[in-house]
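Prediction below, plus the sequence it came from.
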Amino acid sequence: MYCDYNVQQEETVINIIGAILKQLVGRGGIPKDIRDAFLKAQKVGGRRPLLADLMRMLRIAIASLPQIFVCIDALDEYLPKELPQLLESLRDIVREFSGARIFVSGRPHVGDVIDRYLPEVAAIPVSPNEDDIRNYLKMRLERDEVPEAMNTGLRDEIVRIIVDKMSKCTSAFPLHQRCILTSDCIVSSLLH
C-alpha cells in the first residue's frame, strides 16, 4: 500500500484494511467464509462492511496462509486522525498471527504515534545514497525527449545541484522504515 497526501480523505482504515483483504483473496478464488461474511454484512441495511466485519474477513484470509507481509509506504501522508485506528488494527493482526509481518515507512514525525501503538517496532533510518541519486538523475536525463536541449555541462550542473540539495534535505529529514519484529523476523535495509 502507498499512502498519498492527495487522496487522504479516501484513505480510511476501512479502505486500507479492505485493500489488504482484496490483495490476499485476489490471488485465487474468494474463500466461502469470506464471501458469506461479506454477504452477511451487506444484508444489514445494504451497508458496506464495517471495520469489525473486514477484520473478521481478514483473519479468515490470513489464517489460511503460512506467512503474510503487509507493507505500507509513506505512512506520514496518511490522515492523522485515522492513524491510531489503523495502527491498532495492524497491531491486532501481528499479535494474533505469528506469520504476519508489517513494514511501514514514513518520516520521523509519525514515529511517536507508531511507537505508542506498536511498541515492539524497530526503526531503521534510511537515507538515499548520493551515488544512487546521481545515477538516477543521469538515467532520467539520458531519457530526455529533447536531448539536444542541454549540453554535457548543463547536465552535470543539474546533477551536481540536485545531489547537493538532496544531501542537505535527507540529513535534515531522514526517512525511517519500521518493522514489527517477531522472534524470527529478519530486518533488511529497504531503500525508500
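Arrived safely, thanks for sending.

ok now the lengthiest helix in the chain, how far from the chain's centre?
Across the chain, the helix with the greatest residue count (assigned by DSSP state H) is helix 152-172. Chain-centre distance of helix 152-172: 27 Å, with Cα atoms, centre = their mean, to the nearest Å.

Tell me the secondary structure of the residue nearest in space to the middle of the chain, please.
Geometric centre of the chain, nearest residue: residue 72, 1.3 Å, by Cα atoms, centre = their mean. Classification of residue 72 using DSSP: H, G, I helix; E, B strand; the rest coil returns strand.

How about the longest helix of the chain, which residues are buried there?
Neighbour-count burial for helix 152-172 flags 155, 159, 163, 166, 170 (criterion: 16 or more other Cβ atoms under 10 Å). All C-beta atoms are positioned from the backbone trio N, CA, C, and that covers glycine.

so what does it touch, helix or strand wise?
helix 130-142 (3 or more Cβ pairs under 8 Å, 6 or more residues apart in numbering; DSSP states H and E).

and the nearest residue to residue 58 once chain neighbours are set aside, what helix or strand is that in?
Residue nearest to residue 58 in three dimensions, not counting chain neighbours: residue 21, with 4.9 Å by Cβ to Cβ, 6 or more residues apart in numbering. According to DSSP states H and E, residue 21 maps onto helix 13-25.

Keeping just the C-alphas, turn that helix into CSV.
Written as CSV, here are the backbone C-alpha positions of helix 13-25 (Å, rounded to 0.1, in the frame of the first residue of the first chain):
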residue,chain,number,x,y,z
VAL,A,13,-8.9,2.4,7.9
ILE,A,14,-11.8,0.6,6.3
ASN,A,15,-10.4,1.2,2.8
ILE,A,16,-6.9,0.2,3.7
ILE,A,17,-7.9,-3.0,5.5
GLY,A,18,-10.3,-3.7,2.6
ALA,A,19,-7.5,-3.2,0.1
ILE,A,20,-5.2,-5.6,2.1
LEU,A,21,-8.0,-8.2,2.2
LYS,A,22,-8.6,-7.8,-1.5
GLN,A,23,-4.9,-8.4,-2.2
LEU,A,24,-4.9,-11.5,-0.1
VAL,A,25,-8.0,-13.1,-1.6
